[in-house]
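**Student:** Give me a model of this one.
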Amino acid sequence: ITEGCWMKVGNETLTWKVGKLTTIDTSFEHSTGNPTDEERVVLIIDFWHPELTAIERNALSYVYDLRNQFESGLVPFRPPRSSKQQQQQQQPFGGF
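**Tutor:** Presented below is the predicted three-dimensional model:
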């Protein structure tokens, strides 16, 4: 385990411990950090909250699948348009 790596869940900051399983509730705001030059490898296993309905699980599966495709480079990225470009496109005939 790389010294200095951390994870924050809600207001609590944690570190990984050798030989210990770390489980966090990602329904809280969470983030991780590796301020070192060393590689950090983490195995992530997602569990569904038992009170989610089938419709909620299907919706979240869609969102997570899309996120994974984006992170894998399978979804093309379009840079955001500037606000001026957006305004011009919303006006008929380019603003004339």
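**Student:** any weak-confidence spans in the protein?
**Tutor:** Counting by pLDDT under 70, the chain has low-confidence residues at 83-96.
**Student:** max-length helix in it?
**Tutor:** Among the elements of type helix in the chain, defined by DSSP state H, the one spanning the most residues is helix 54-71.
**Student:** List the buried residues of that helix.
**Tutor:** Of the residues in helix 54-71, none is buried under the neighbour-count criterion (16 or more other CB atoms under 10 Å). The C-beta positions use only the backbone N, C-alpha and C, and glycine is treated the same way.
**Student:** roughly how far apart are the residue nearest to the spatial centre of the chain and G19?
**Tutor:** The residue lying closest to the centre of the chain (CA atoms, centre = their mean) is R67, at 7.3 Å. Taking CB to CB, to the nearest Å as the measure, R67 and G19 are separated by 31 Å.
**Student:** now do N68
**Tutor:** For N68, the distance to G19 (CB to CB) stands at 29 Å.
**Student:** which residues touch T36?
**Tutor:** For T36, the contacting residues are T2, E3, G4, C5, by CB atoms under 8 Å, 6 or more residues apart in numbering.
**Student:** With K8 instead?
**Tutor:** The neighbours of K8, taking CB under 8 Å, 6+ apart as the test, are L14, H30, S31, T32, G33.
**Student:** Count the neighbours of the fourth one for me.
**Tutor:** T32: 14 surrounding residues under other CB atoms under 10 Å.
**Student:** Repeat that for the second one.
**Tutor:** Residues contacting H30 under the criterion other CB under 10 Å number 14.
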